[in-house]
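Asker: Pasting a predicted model and its sequence here:
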Amino acid sequence: MQRLVECVPNFSEGRNVETIRALAAAIKSVPGVWLLDEEQDADHHRAVITFAGTPEAAVEAAFQAARLAATLIDLQQHQGGHPRVGATDVIPFVPIRGVTMEDCVALAISLGERIARDLEIPVYLYERAATRQERAQLETIRRGGLEGLAARMEDPAWIPDFGPRRLHPTAGATIVGARPALIAYNVNLQTGNLDLAKAIAKTIRTSSGGLPSLKAIGVPLASRGLVQVSMNLTNFEVTPIRTAFEAVMREAEKAGVAVAGSEIVGLVPQAALIRTAEAVLKLERFDATQVLETRLDLVLAREGGAGSGESAASLAGFLDAVAAGTPTPGGGSVAALAGALAAALGVMVCRLGPPADVAQKKDDKKPSSDKAQTGKRPDLRVVEQSLVQLGSKLRDLVQADADAYQAVLKAYRLPKADPARPEAIASSLAIATSVPLETAALASEAASLLRSVIPVVKPSVASDLKVGLIMALAAIEGGLENVMTNLKAQPNQKLIGEVRGRVEALQESLVELKRL
C-alpha cells in the first residue's frame, strides 16, 4: 500500500492570483505530490492549498512553497480578516493511508527544523506535534496577531521550537503541526454587524462552553457587505456540519438576522456529507455503500482480475474499502480473507512437493509390513485439493460477511413501529452469525490440514507453512469473535444455544491446534 499524507498549507495571500498560482506550481513541481484543491478569499486575504503525497515528497513540497512565500508575501503590507502570524501561516500534516499520526508528527518536526534553518523563520509546533500543551491550539499561538506573538517571544515560555527568537522581517513566523482531518466550514450572515458574528462565534465554540470539537471566529466580508462565522470542525463525528449550521442559524435568528449561505473551504471527507444527507433528508435505510463511487470501489475490489497487476489493484481496493469510513467490509471479511490466505499458502506448499528423500521413499516398493506406516503419511495431492476447496469457500465468505452485515443494518433501520422489524433483526443476525461461524469452521479444517503436512514438506517452505498456520488460527479466532458479538444482540434463545455448542467445539479444536 502506498503511504500517503495530506498537507494543507495556509498562505497570507488571497488577492494576487499570480502569487497563488506560483505557490501551487512550486508544490506541483515536486515528484510524488498531487495537488487536490486551491481556495483563495480576498476578504480573508488568505489562500489554502491542499495536496497529498508520499511523506518525503510532502515535506519537500511544503518547504518549497514556504520558501517561495517568504519571497513573494510581505506581511508588513498585509491586511485581511483572518488571523495570521506568517506569510506561510500554518502547515498541518494529516495521515491518509499507511501513515500514523506519529509519522506526521515526525514530518512536522523535520519540516519545522528545515524552515527555521534554511529560511531563518521562527517555527512553532502545534496540535499533536506541540512540545508544550499551552501552545497546542492554533488560536493560542495566533492570539494578538503579529504584534501579540512578537511581544510573547520575549517570554522564555514562548521561545520558538525552532529558529530565531524574533519574527522574520517580511515572513513573520510559521506554525507547523500534525492533526486529524478537519472541516473548514463558514456560515455567512445577511448583515454587516461584525459584533453579532463575533458574539455567535463565542457562543457556539468549544472554548466558551459551546459545541464540542468546534472552533469559531467572526470575520467581515467587506466585498459583499456581510459578516461570517468562520469555523473549524475538528471532529465531524462529534459535531457534524448540520449541527454547526443550525447553531449559527439559531443564534442569528434570535437577533433577527437571516443566513445568507454557507461554504466549505478546501476538501471534506465523504462521510461528513453522508452524515449531513442522512440527517437533513431523514434517510431511514441508507448506508454508505449506496453511494455510487463507494459501491463501485467495493465491486472492483471484489472482482479483481487474472493478471498480477490486476490482482494487486484488487487487493489495494479491498484494503482501501476496509479502511474507508463504512461498516463493511469489516472484521468478518478480514477473518475470511485470512483463512483464504492460509489455504492458498498450503496449496503452494503442497504443489512444491515433498523433499527429495520423502519423494524417493514414496516411489520405492515397500513390503506389506510397511503399509500401516505409509498410510499415516499424508498425500500432498489430496491435501492440495482439499485446501483449494476450502480456500474457494473462504474467499466467497469475504463478500458474504459484508452482505450479511448490510442486511443487519437494513433491519435495524426499519421504523420501530414496523411489526416486521423484530423478525427482520433476528433473521439477519442469524445469517450474520452463521457466516463467521462457517469461516471459523473452514479455517479450522485448513489449519488441521496444514499441520498434517509439516513432516513431508520441503524445509525451504517451512516458514511459509508456519505463516499459513498463523493466518488460519487468526481466522478461527476472528470468526469466533464476530459470532460472539452477534449473539449478544440475538433474541432467539434456541439459536443461541445451538451456536454456542458449535463455538465451544471450535474453541476446543483451536486449543489443540495451538498445542500441536
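Answerer: The structure has been received and is ready for your questions.
Asker: Tell me how the protein divides into domains.
Answerer: Following automatic domain parsing, the chain resolves into domains at 4-178, 183-281, 327-362+371-515.
Asker: Which among the ones you listed is found nearest to residue 320?
Answerer: Residue 320 lies closest, by CB to CB, to one member of the domains of the chain: domain 4-178, at 7.5 Å. (Glycine included, C-beta is placed from N, CA and C.)
Asker: export the domains of the chain to JSON lines and tack on mean neighbour count?
Answerer: Below are the domains of the chain laid out as JSON lines (neighbours: other CB atoms under 10 Å):
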{"stretch": "domain 4-178", "mean neighbour count": "20"}
{"stretch": "domain 183-281", "mean neighbour count": "18"}
{"stretch": "domain 327-362+371-515", "mean neighbour count": "18"}
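Asker: and residue 321, which of those domains is closest to it?
Answerer: Of the domains of the chain, nearest to residue 321 by CB to CB is domain 327-362+371-515, at 5.7 Å.
Asker: circling back: just put the domains of the chain in TSV and tack on mean pLDDT and distance to residue 315.
Answerer: Below are the domains of the chain laid out as TSV (pLDDT from 0 to 100; distance: least, CB to CB, whole Å):
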stretch	mean pLDDT	distance to residue 315
domain 4-178	93	13
domain 183-281	92	22
domain 327-362+371-515	85	10
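Asker: Check which helix or strand residue 51 maps to.
Answerer: If you go by DSSP states H and E, residue 51 is part of strand 46-53.
Asker: could you dump the helix or strand just after that strand to CSV, C-alpha only?
Answerer: Using DSSP H and E, the next helix or strand after strand 46-53 towards the C-terminus is helix 55-72. C-alpha atoms of helix 55-72 as CSV (Å, rounded to 0.1, in the frame of the first residue of the first chain):
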residue,chain,number,x,y,z
PRO,A,55,5.7,11.6,3.3
GLU,A,56,9.1,12.6,1.9
ALA,A,57,7.6,14.4,-1.1
ALA,A,58,5.0,16.2,1.0
VAL,A,59,7.7,17.7,3.3
GLU,A,60,9.7,18.8,0.2
ALA,A,61,6.7,20.4,-1.4
ALA,A,62,5.7,22.2,1.7
PHE,A,63,9.2,23.5,2.2
GLN,A,64,9.4,24.8,-1.4
ALA,A,65,6.1,26.6,-1.1
ALA,A,66,7.2,28.1,2.2
ARG,A,67,10.4,29.3,0.7
LEU,A,68,8.6,30.9,-2.2
ALA,A,69,6.0,32.5,0.0
ALA,A,70,8.8,34.1,2.0
THR,A,71,10.0,36.0,-1.1
LEU,A,72,6.5,36.8,-2.6
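Asker: Direction-wise, compare helix 55-72 with strand 46-53 and give the angle.
Answerer: 160 degrees (axes from the mean of the first three to the mean of the last three CA atoms, to 10 degrees).
Asker: From the contact count, pick out the helices and strands touching the helix or strand immediately after helix 55-72 in the chain.
Answerer: Using DSSP H and E, the next helix or strand after helix 55-72 towards the C-terminus is strand 88-97. If you count contacts as 3 or more CB pairs under 8 Å, 6 or more residues apart in numbering; DSSP states H and E, strand 88-97 packs onto strand 4-7, strand 10-11, helix 55-72, helix 101-119, strand 174-178.
Asker: partner strands of the strand holding residue 51, parallel or antiparallel?
Answerer: With DSSP bridges as the test, strand 46-53 is paired with strand 4-7 (antiparallel), strand 10-11 (antiparallel), strand 33-41 (antiparallel).
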